[in-house]
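# Predicted structure and sequence below. I'll ask about it afterward.
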Amino acid sequence: MDTDLTKESIKRAPENKIIEIDGLHKWFGDLHVLNDIHLTVYKGERIVICGPSGSGKSTLIRCINRLEEHHKGKIFVDGIELTNNLKNIEKIREEVGMVFQHFNLFPHLTIVENLSLGPIWVRKVPKKEAEETAMVYLEKVHIAEQAYKYPGQLSGGQQQRVAIARSLCMKPKVMLFDEPTSALDPEMVKEVLDVMIALAEEGMTMLVVSHEMGFAKSVAHRVLFMDFGRIVEENTPDEFFDHPRHERTKLFLSQILH
Amino acid sequence: MTESQKHSIQTTEGAPVIRIGALQWVKSNLFNGVFNSILTIVMLFFLYKVIPPFVKWAFIDSLWLSSAAQCRTVNGACWSIIPANIRFIIFGFYPHELHWRPFLAMIMLVSLLFYSKNRNHWNKYFGYLWLAGLFIMGLLMKGGLLGLTAVESDQWGGLPLTLMLSFFGMFAAYPLGVLLALGRRSKMPAIKTICILYIELIRGVPLISLLFMSSVLFPLFLPEGLTINKILRAQVAIILFTAAYIAEVVRGGLQAIMRGQYEAAESLGLNYVQKMRLVVLPQALKIVIPPSVGILISAFKDTSLVVIIALYDVLKTTKATLANPSWMGFSPEAYIFVALIYFLCCYSMSNYSRRLEKELHA
Ligand SMILES: Nc1ncnc2c1ncn2[C@@H]1O[C@H](COP(=O)(O)OP(=O)(O)OP(=O)(O)O)[C@@H](O)[C@H]1O
Ligand SMILES: [Mg+2]
């Protein structure tokens, strides 16, 4: 889908920082998965992260909402530093939505219940109001008619749209996507990307791990390329795709673009 | 909500039904092959040898309401032992003129259980209803209030005792077992170690020895003069025992839940308790309904072991009846009767579990 998404310039001012990662390191045993990562994300910014398998992309964004613990360096989200403080972790998770490769919907709950669970228990929204909000977001991802079904009764593309809506119901300030379309059949990829593009148009701050280059070109402000736990290259999508600087990036791009 | 759910149910054309004659059925199910034919014939012969004599003994030659002396004159079953001793078998040494009280308490328990079968009834007041019910049942059993004569618990026995031990055994053991299972998977080493130790220790000893310990060893450690009610001690032993087994079953269920479910719950900002209660446990406990009910059923039957600490459960009162010289020797009849009581309870449990499973699979 070609959008005339205006990539309005992002105000890169200190007060506009939403995520700040400084000198981040992480190990899995002997494996140095994240090696000295520096990354600042500003409000409204959309970043696509790509790189070969095992390069640490998932681990990086999972550190942002503490699904993975980091070992060195600092992470600030919305001004709060991520430490072992459980209260802070929960506060950050409230503000950071996450969409997984395999949807991870709750199979024992209906779609509306999936959507209203977080708002009811975390944000303490009254049940009725939470369900109304849920319906609004289901409408947004074009799936309102499935509200009372269970996740198992939906197609992969529908499930992923529900998962996006579930995160949105928490009214997050940042959305993290970990390869949201790579578990989907090709014909369902577009419906999910369309939802994400619509979200981008509304100005959501997004970090997307994805190899959908069309999406990156039309939506991202910046593309990051990771390899061996490092951010190897970082550029605007046009520069990134047309004039990659590093050999690794060139090789990678030639592989995924055939 | 129900409206849209109806729409979501897909109608499928029934598969074509093949109608076959009775003869065809017999041929294809009982005589398909030499081995099966021989097996069928042997079974038929066996049934021929067993069933007619049993029917003759149990129904044709039997006596239902007679004295013990009359029974001795016939070859059939003497079911009369049941009506003649029913009150002792059911209520044990509970004062005779007060039998209506445990009777009423049992009726209440059974009605409450029946009422609870329908999950639509599980609303806000449900808990209060049970609390009130349990209080009244306790009052009926124990008395000593509102003009009811007090009945000490060492006079309790029979079926009310069996039901009580198993009911509280199950309903306290289940949550305790779930907590132990969660503890065993905890990241905190102290909690984890305690839970593992507890589970493995308890599973390493038979229930009988726990009951012995509770009745013989335990009082040794209590200060002089302080005694804890014998029934309560047996009850605690049963709860502690059952909980360890429930814990292992629930742990299996927890392991079956994908990491993605935990992560999705966490990424919404749910805290540990919410994550477990709303996302993980509902799924895990559903998976383990069949094995849990298996454990609850054996816990129910295991309550009969309390005889060894001289409690009179329904099996023991039956035995005691048979010790009465005039009714001596009619044990098959008496035991068949208790077996039926046990079967009825266990069958209802497994029946309900199957229903619950089906409902939750919607
Ligand atoms: N829980 C874990 N324990 C041990 N090693 C892990 C764990 N999670 C990831 N790894 C390893 O860390 C490395 C980085 O993993 P990560 O999932 O971040 O890669 P990725 O860039 O997302 O790859 P992909 O494109 O395949 O998703 C991989 O080599 C992986 O095997
Ligand atoms: Mg990954």
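All right, it came through fine. Ligands and ions are numbered 1, 2, ... in the order given.

# What are the phi and psi values at the closest residue to chain B within the stretch 151-258 of chain A?
Residue of the stretch 151-258 of chain A nearest chain B, by Cβ to the nearest Cβ: residue A:170 (6.3 Å). Using the backbone N, CA and C atoms, a C-beta is placed for each residue, glycine as well. According to degrees, to the nearest 10, the main-chain angles of residue A:170 amount to phi -80, psi 0.

# Ignoring the adjacent residues along the chain, who's closest to it?
residue A:118 (4.8 Å; Cβ to Cβ, 6 or more residues apart in numbering or on different chains).

# cool, and residue B:83?
For residue B:83, ignoring the flanking residues on the chain, the nearest one in space by Cβ to Cβ, 6+ apart is residue B:65 at 5.9 Å.

# tally of neighbours for the one you found?
Here the count is done by other Cβ atoms under 10 Å in any protein chain shown, and residue B:65 has 10 residues near it.

# Repeat that for residue A:60.
If we define neighbours as other Cβ under 10 Å, then residue A:60 has 28 of them.

# ok, it touching residue A:51?
No - with contact defined as Cβ atoms under 8 Å, residue A:60 and residue A:51 do not form a contacting pair (9.6 Å).

# re the thing from before, my guess is the residue of the stretch 151-258 of chain A closest to chain B meets residue A:123, correct?
Yes - contact criterion Cβ under 8 Å: residue A:170 and residue A:123 qualify, at 6.8 Å.

# more crowded one of these two?
Neighbour count, other Cβ under 10 Å: between residue A:170 and residue A:123, residue A:170 has more, with 23 against 15.

# ok, now which ones touch the more buried one?
The neighbourhood of residue A:170, defined by Cβ atoms under 8 Å, 6 or more residues apart in numbering or on different chains, consists of A:94, A:97, A:118-119, A:122-123, B:268-269.

# how far out from the middle of the chain is the helix or strand residue B:234 falls within?
For residue B:234, the host element (DSSP states H and E) is helix B:230-255. Distance, stretch centre to chain centre, for helix B:230-255: 14 Å (Cα atoms, centre = their mean, to the nearest Å).

# Is any residue of it near chain A?
No - contact of helix B:230-255 with chain A is not found when judged by Cβ under 8 Å from any Cβ of the partner chain; the minimum separation is 12.5 Å.

# For the closest residue in space to residue B:288 that isn't next to it in sequence, grab the count of nearby residues.
For residue B:288, ignoring the flanking residues on the chain, the nearest one in space by Cβ to Cβ, 6+ apart is residue B:253 at 3.9 Å. A total of 21 residues lie near residue B:253 under the criterion other Cβ under 10 Å.

# Show me what the longest helix along chain B is packed up against.
The residue-count maximum for a helix in chain B (DSSP state H) belongs to helix B:331-360. Applying 3 or more Cβ pairs under 8 Å, 6 or more residues apart in numbering or on different chains; DSSP states H and E, one finds that helix B:331-360 contacts helix B:81-91, helix B:289-302, helix B:314-323.

# related to what we said a few turns ago, I'd like to know how far the residue nearest to residue A:170 sits from residue A:192.
20 Å (Cβ to Cβ, to the nearest Å).

# In contact with the residue of the stretch 51-200 of chain B found nearest chain A, which residues?
Nearest residue of the stretch 51-200 of chain B to chain A: residue B:187, at 11.4 Å (Cβ to the nearest Cβ). Contacts for residue B:187 (Cβ under 8 Å, 6+ apart) come out as none.

# how about it, phi and psi?
The phi/psi pair for residue B:187 (degrees, to the nearest 10) is phi -80, psi -10.

# so how far is residue A:172 from the closest residue to ligand 1 within chain B?
Residue of chain B nearest ligand 1, by Cβ to the nearest ligand atom: residue B:259 (8.9 Å). In this structure, residue B:259 and residue A:172 are 22 Å apart, going by Cβ to Cβ.

# Who has more neighbours out of those two?
Taking neighbours as other Cβ under 10 Å, residue B:259 and residue A:172 compare with residue A:172 leading, 22 against 9.

# what about residue 92, neighbour count?
Chain wasn't specified; assuming chain A. Residue A:92 has 24 neighbouring residues, counting by other Cβ under 10 Å.

# Hmm, no, I was thinking of chain B.
The criterion is other Cβ under 10 Å. On that basis, residue B:92 has 23 neighbouring residues.

# can you check residue B:189 too?
Residue B:189 has 8 neighbours, counted by other Cβ under 10 Å.

# which ones are touching it?
Residue B:189 touches nothing, counting by Cβ under 8 Å, 6+ apart.

# Could I get the pLDDT score of it?
On the pLDDT scale, residue B:189 is placed at 92.

# Can you pull the residues that touch both of residue A:170 and residue A:123?
Counting by Cβ under 8 Å, 6+ apart, the residues touching both residue A:170 and residue A:123 are residue A:94.

# what secondary structure does the residue nearest the centre of chain A sit in?
The centroid of chain A falls nearest to residue A:176 when counting by Cα atoms, centre = their mean (1.9 Å). Local secondary structure at residue A:176 is given as strand here, using DSSP: H, G, I helix; E, B strand; the rest coil.

# so what pLDDT did it get?
Note on residue A:176: pLDDT of 95.

# next one: the one 3 residues further on
Residue A:179 is assigned a pLDDT of 93 by the prediction.

# in the longest helix along chain A, what's buried?
Ranked by residue count, the top helix of chain A under DSSP H comes out as helix A:186-201. By neighbour count with 16 or more other Cβ atoms under 10 Å in any protein chain shown, helix A:186-201 contains the buried residues A:188-200.

# cool, stretch B:322-340 as well?
Buried residues in stretch B:322-340, defined by neighbour count with 16+ other Cβ under 10 Å: B:322, B:327, B:330, B:333-334, B:337-338.

# what's that stretch in contact with?
With contact meaning Cβ under 8 Å, 6+ apart, stretch B:322-340 is reached by B:68-69, B:71, B:77-79, B:81-82, B:84-85, B:89, B:314-315, B:318, B:321.

# quick revisit: I'd like the contacts of residue A:170 laid out as a markdown table, including pLDDT.
What follows is those, written out as a markdown table (pLDDT from 0 to 100):
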| residue | pLDDT |
| --- | --- |
| A:94 | 92 |
| A:97 | 94 |
| A:118 | 94 |
| A:119 | 95 |
| A:122 | 94 |
| A:123 | 93 |
| B:268 | 94 |
| B:269 | 93 |
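
# What is the nearest of those to ligand 1?
Ligand 1 has its nearest neighbour among these in residue A:97, at 18.4 Å by Cβ to the nearest ligand atom.

# Just want the angle from the longest helix of chain A to strand A:174-178.
Here the directions of helix A:186-201 and strand A:174-178 differ by 160 degrees (axes from the mean of the first three to the mean of the last three Cα atoms, to 10 degrees).

# Residues in contact with helix A:186-201: which ones?
For helix A:186-201, contacts defined as Cβ under 8 Å, 6+ apart pick out A:1, A:3, A:5, A:46, A:140-142, A:155-157, A:160-161, A:164, A:168, A:175, A:177, A:180-181, A:184, A:206, A:208, A:212, A:214-215, A:218-219.

# Just the buried subset of those, please.
By the neighbour-count criterion of 16+ other Cβ under 10 Å, those include these buried positions: A:46, A:140-141, A:156-157, A:160-161, A:164, A:168, A:175, A:177, A:180-181, A:184, A:206, A:208, A:212, A:215, A:218-219.

# Many thanks, I have nothing further to ask.
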